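J.: Provided below are the primary sequence and the corresponding predicted coordinates.
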Amino acid sequence: MKKYVLLFFSLCFISIGFSQETAKSFSLKEAINYALKNNYNAKTAQNNVRAAKEKQWETTTIGLPKINAKVDYQNWLKQQVSLLPAAAFDNTKSVIDVVNDYFDGPVRNTKPVVTPEGFIPLRFGTKQNINASVTLTQLLFDGSYIVGLQSAKTYLNISKQAQEKTALTIREAVINAYGNVLIAEKTVVILESNLKILEKNLADTKKIFKNGFSEEEDVEQLQITLTTVKSQLNKTKRLKDIAYKMLNIAMGNSIDETIQLTDDLDTLILENLDLGLLTKNFSVANHIDYKIAENNKEGNRLLVLLEKSKALPSLSAFVNYGYMANSDTFTFFDSNQQWYNSSLFGVSLNIPIFSSFERRAKARQAKFEYENATFQLDEVKEQLNLKVVAAKSDYKFSVEQYQAAKQNLELAQRIEKKHRVKFFEGVSTSFQLAQAQNQLYTQQQNYVQSMLDVIAKKAALDNALNIPIK
């Protein structure tokens, strides 16, 4: 029994050690690169590109030779009857001979077999037959096919650009999610430090109150502050768990995946303080959104050409070769079965003449859509320029807010420390100390939030400037 207990605990320790070893660690750059491969949207965009390539090949094959084989087997369960005019036969004997040849048995009388209407019922052909053929078809000319090839290429470019756009969106999402986790962790550390100081202050105040050197209100005021900080700490811990789950989703992991972050908030702030971006030149023609709008315009131009091409003639050709066999019984695999071959060559020319102005109406609709795409391209250009201006302004403001919050935090820390000393010296009241503490906590929250804003606004500016992923 002792041996089994030792084995059980050994397996538990091995399992714990293995789970710790498999916990993945990520810097911000590693998290972005991981997400670009494993994010759900990234995988979807990759599949869309692959599908577009297959679509391009599918369109190309329309103009390539095609070979199809066909085998038809027919078995008349009850053969079809045809009626022949009785006047077509010279005498009764010939009629009887014909009937005997095609019915199952001889006729029962020798009278002429003539229907009241003057027709003779006959069955022609055999009960079973097989027809096997191979056909080669080739498109010689079709205006819509030429336009289709160009459209397939444009569609592939749109899919690739959508993938690039998705990658930029994923980068921004991971940066924000990564920053949220670090902010939550730093907030927890700050609140735990505040809580530790408050617990010490409350304990000291209670001792002073017991000795008669303090009022009960001072103890109660500190208890209120302590309860508030505890509640905020519990809330932040829950938010931290949610932040980790959101980061996992952004990276393409299960929400319960255990990960560790190797970058700290201070390092990220230094990396994201780049005021040189405020003077960086912006080329709207190179922006991914502008390229997508350009491709949209090109796609609508091709639709105009497609509608116009439908007024052109189309030409195709085919070659057919086949064998046919007939029998009253299934003897098609016998060596003495007779097969008859045939071959056919043909050319088909389709010339559109008059469509009651349907083609003209569709062509005009396509033209209007093309003009709308041109307007949208001009609008996108102006929107992107405005987006860059706004993103630079937001980023500059976030940096200024961070610097101001950092200074205010230092001042709030000194003020709170002075009031704490004065409080225990009996010079300051508990209400004044609570005010100083609340002011400190507010500045701590503002400081942490300003750090997150710098990271988020920098990511938004990178996207607005279309800075490539490194």
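T.: Nice, I can see it.
J.: List the buried residues in stretch 388-407.
T.: Across stretch 388-407, burial judged by 16 or more other C-beta atoms under 10 Å covers 388, 391-392, 394-395, 398-399, 401-402, 405. From N, CA and C alone the C-beta is placed, and that goes for glycine too.
J.: closest to residue 226 among the residues you listed?
T.: The nearest member of the buried residues of stretch 388-407 to residue 226, counting by C-beta to C-beta, is residue 405 at 24.8 Å.
J.: and the gap between residue 450 and residue 433?
T.: Separation of residue 450 from residue 433 (C-beta to C-beta, to the nearest Å): 26 Å.
J.: brain fart, residue 148
T.: From residue 148 over to residue 433 (counting by C-beta to C-beta), the distance is 78 Å.
J.: Those two - which one has more neighbours?
T.: Taking other C-beta atoms under 10 Å, residue 148 and residue 433 do not tie; residue 433 has more neighbours (24 against 20).
J.: Can you name the two of the buried residues of stretch 388-407 that sit furthest apart?
T.: Top of the distance list for the buried residues of stretch 388-407 (C-beta to C-beta): 388 and 405, 25.6 Å.
J.: Grab the nearest non-local neighbour of residue 24.
T.: Nearest non-adjacent residue to residue 24, counting by C-beta to C-beta, 6 or more residues apart in numbering: residue 259, 5.2 Å away.
J.: Can you verify my assumption that that neighbour contacts residue 253?
T.: Yes - using C-beta atoms under 8 Å as the test, residue 259 is close enough to residue 253 to be in contact (7.2 Å).
J.: and those two? which has more neighbours close in?
T.: Neighbours were tallied for residue 259 and for residue 253 using other C-beta under 10 Å; the higher tally belongs to residue 253 (19 against 16).
J.: Double-check that that one belongs to a strand.
T.: No - under DSSP: H, G, I helix; E, B strand; the rest coil, residue 253 sits outside any strand and is assigned coil.
J.: ok, it to residue 35 distance?
T.: From residue 253 across to residue 35, the span is 9 Å (C-beta to C-beta).
J.: Likewise for residue 155?
T.: Taking C-beta to C-beta, one finds residue 155 at 26 Å from residue 35.
J.: Neighbour count: these two, which is higher?
T.: More crowded of residue 155 and residue 35, by other C-beta under 10 Å: residue 35, with 26 against 19.
J.: how about that one, secondary structure?
T.: Residue 35 falls in the helix class when you classify it by three-state DSSP.
J.: List the contacts of the closest residue to it other than its chain neighbours.
T.: The shortest distance from residue 35 to any non-neighbouring residue, by C-beta to C-beta, 6+ apart, is to residue 251 (4.4 Å). The contact partners of residue 251, by C-beta atoms under 8 Å, 6 or more residues apart in numbering, come to 26, 31, 34-35, 38-39, 174, 177, 259.
J.: Quick one: the strands in the stretch 151-300 of the chain, in order.
T.: 259-261 (DSSP state E, counting those that start in this stretch).
J.: which sections of it are below the confidence cut-off?
T.: 213 (pLDDT under 70).
J.: rerun at 50
T.: For the stretch 151-300 of the chain, applying pLDDT under 50 flags no range at all.
J.: coming back round to it: quick check: the gap between the residue nearest to residue 35 and residue 269.
T.: For residue 251 relative to residue 269 (C-beta to C-beta), the value is 22 Å.
J.: Quick check: closest non-adjacent residue to residue 303.
T.: Once flanking residues are discounted, residue 303 sits nearest to residue 366: 4.4 Å by C-beta to C-beta, 6+ apart.
J.: for the helix or strand hosting the one you found, the distance to its chain's centre please.
T.: Assessed by DSSP states H and E, residue 366 sits inside helix 358-425. For helix 358-425, the separation from the chain centroid amounts to 26 Å (computed by C-alpha atoms, centre = their mean, to the nearest Å).
J.: helices and strands around the helix or strand just after it, which ones?
T.: Using DSSP H and E, the helix or strand that follows helix 358-425 in sequence is helix 430-464. Where contact means 3 or more C-beta pairs under 8 Å, 6 or more residues apart in numbering; DSSP states H and E, helix 430-464 is packed against helix 143-210, helix 216-251, helix 265-272, helix 358-425.
J.: got the angle for the last one vs helix 430-464?
T.: What separates the directions of helix 358-425 and helix 430-464 is an angle of 150 degrees, with axes from the mean of the first three to the mean of the last three C-alpha atoms, to 10 degrees.
J.: tell me the mean pLDDT for stretch 72-84?
T.: Mean pLDDT, computed over stretch 72-84, is 87.
J.: With stretch 364-376 instead?
T.: 94.
J.: now swap in stretch 128-144 and tell me
T.: Mean per-residue pLDDT for stretch 128-144: 92.
J.: next one: stretch 303-318
T.: 91.
J.: what's near enough to touch the nearest residue to residue 216 once chain neighbours are set aside?
T.: Counting by C-beta to C-beta, 6+ apart, residue 216 lies nearest to residue 209, which is 6.3 Å off, once chain neighbours are set aside. The contact partners of residue 209, by C-beta under 8 Å, 6+ apart, come to 215-216, 218-219.
J.: repeat for residue 72
T.: Residue 72 neighbours (C-beta under 8 Å, 6+ apart): 130-132.
J.: Give me the three-state assignment for it.
T.: strand.
J.: rewinding a little: any chance of CSV for the buried residues of stretch 388-407, columns pLDDT and distance to residue 411?
T.: Shown next, in CSV, are these (pLDDT from 0 to 100; distance: C-beta to C-beta, whole Å):
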residue, pLDDT, distance to residue 411
388, 94, 35
391, 94, 31
392, 94, 29
394, 94, 26
395, 94, 25
398, 94, 20
399, 94, 19
401, 95, 15
402, 94, 15
405, 94, 11
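J.: Just the contacts of residue 72: which are in helices?
T.: Judged by DSSP state H, helices contain none of the contacts of residue 72.
J.: Restricted to strands, list those.
T.: When DSSP state E is applied, the contacts of residue 72 are split such that 130-132 fall in strands.
J.: out of those, which are buried?
T.: Buried among the ones in strands among the contacts of residue 72 (16+ other C-beta under 10 Å): 130-132.
J.: Can I get the residues you listed in JSON lines including distance to residue 338?
T.: Below are these laid out as JSON lines (distance: C-beta to C-beta, whole Å):
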{"residue": "130", "distance to residue 338": "12"}
{"residue": "131", "distance to residue 338": "14"}
{"residue": "132", "distance to residue 338": "14"}
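J.: Phi, psi for residue 314 please.
T.: phi -120, psi 140 (degrees, to the nearest 10).
J.: Spit out the contact partners of the nearest residue to it once chain neighbours are set aside.
T.: What sits nearest to residue 314 in space, not counting adjacent residues and going by C-beta to C-beta, 6+ apart, is residue 142, at 4.2 Å. Counting by C-beta under 8 Å, 6+ apart, residue 142 touches 63, 309, 312, 314-316.
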